[in-house]
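Trainee: I'll drop the sequence and a predicted model, then ask my questions.
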Amino acid sequence: MKKQIGFLAIMLLAGFDGVVAQRPGARRPPGGRGQRAQMELRIQSRFDLLVRDQLELSDEEGQQLGDIVEGFRQRRQELALRERQVRGTVFRLGTESAEEGELSDEAATDALQEIVRLREEETSLFREEQEALVGVLTPQQLLRFVVMRGQLAERIQRIRSGERPPGGPNGRLRGGRPREGVGAER
């Protein structure tokens with residue numbers, strides 16, 4: 001599984017030009033964003049296949065899982081956008097306003113309360129999604145799915161930030177030996 005998720009991350013880095021897997025009715029945004037969107041769709045499609053394979057889901061179960069996840073995707077994206085906005089506000093308040101002596105207790109309290117509200121909303125959304133997924137997945141499959149999705153999100157975040165694993169693909173150091181715990185079969 002680590003190798004397959006690693007492959008997905010490498011595809012993201014390399015801009016893999018395989019078959020484009022688009023959802024029906026999806027449009028390509030203009031310019032570079034269109035290429036990024038296509039790449040994200042390809043990666044998502046491959047991740048979906050990996051999940052179906054690793055969790056040994058039937059086509060019907062895979063479709064149900066995809067429908068549920070897609071139904072929550074928009075809400076997760078909206079929450080992520082609000083979180084980025086709040087982080088920007090908090091950073092600005094915590095640096096610029098504090099240096100200028102303009103940060104009031106009220107503004108600081110409001111910003112902290114907004115962070116708490118976002119965390120609560122994130123927890124609620126996670127809980128709702130898990131409850132919906134239990135109708136399709138066993139608890140063991142659900143746990144594995146959560147872990148797989150978390151691993152993919154971490155790898156994508158590392159790639160976006162420019163961080164690359166030492167030694168190249170599969171964590172291999174020079175000389176061809178895998179690093180301990182990375183790329184080694186267990």
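Mentor: Received, thanks.
Trainee: please pull out the lowest mean pLDDT helix or strand from the chain.
Mentor: Lowest by mean pLDDT, DSSP states H and E among the helices and strands of the chain is helix 2-14, with a mean of 42.
Trainee: poorly predicted segments of the protein, please.
Mentor: Counting by pLDDT under 70, the chain has low-confidence residues at 1-33, 96-101, 164-186.
Trainee: doesn't E56 fall inside a helix?
Mentor: No: counting by DSSP: H, G, I helix; E, B strand; the rest coil, E56 is not found in a helix; it is coil.
Trainee: how close does it get to L133?
Mentor: Using C-beta to C-beta, to the nearest Å, E56 is found at 16 Å from L133. Where you see a C-beta, it was placed from the backbone N, CA and C, and this is true even at glycine.
Trainee: of those two, which one has the most company?
Mentor: Neighbours per residue (other C-beta atoms under 10 Å) separate E56 from L133, with L133 holding more: 19 against 8.
Trainee: so what's the more buried one up against?
Mentor: Counting by C-beta atoms under 8 Å, 6 or more residues apart in numbering, L133 touches L65, I68, V69, L142, F145.
Trainee: same check, this time on V146
Mentor: Neighbouring residues of V146 by C-beta under 8 Å, 6+ apart: Q130.
Trainee: and it, what helix or strand is that in?
Mentor: Assessed by DSSP states H and E, V146 sits inside helix 139-160.
Trainee: buried residues, that helix. List them.
Mentor: By neighbour count on 16 or more other C-beta atoms under 10 Å, the buried set for helix 139-160 is Q141, L142, R144, F145, M148, Q151, L152, R155, I156.
Trainee: and the residues you listed, which is closest to F126?
Mentor: Nearest to F126 among those: L142, at 11.7 Å, using C-beta to C-beta.
Trainee: how much space between the nearest residue to the closest one once chain neighbours are set aside and V146?
Mentor: Closest residue to L142 apart from its sequence neighbours, by C-beta to C-beta, 6 or more residues apart in numbering: L133 at 5.4 Å. Using C-beta to C-beta, L133 is found at 9 Å from V146.
Trainee: repeat for G94
Mentor: Taken as C-beta to C-beta, the span from G94 to V146 is 32 Å.
Trainee: likewise for G71?
Mentor: According to C-beta to C-beta, G71 and V146 sit 17 Å apart.
Trainee: A153 too?
Mentor: 11 Å.
Trainee: before we move on, what about R92?
Mentor: Counting by C-beta to C-beta - R92 and V146 are separated by 33 Å.
Trainee: packing partners of the lengthiest helix in the chain?
Mentor: Secondary structure assigned by DSSP state H gives helix 59-92 as the longest helix of the chain. Using 3 or more C-beta pairs under 8 Å, 6 or more residues apart in numbering; DSSP states H and E, the elements in contact with helix 59-92 are helix 31-54, helix 105-133.
Trainee: for L81, find the nearest of those.
Mentor: Among the helices and strands packed on helix 59-92, helix 105-133 comes nearest to L81, with 10.8 Å by C-beta to C-beta.
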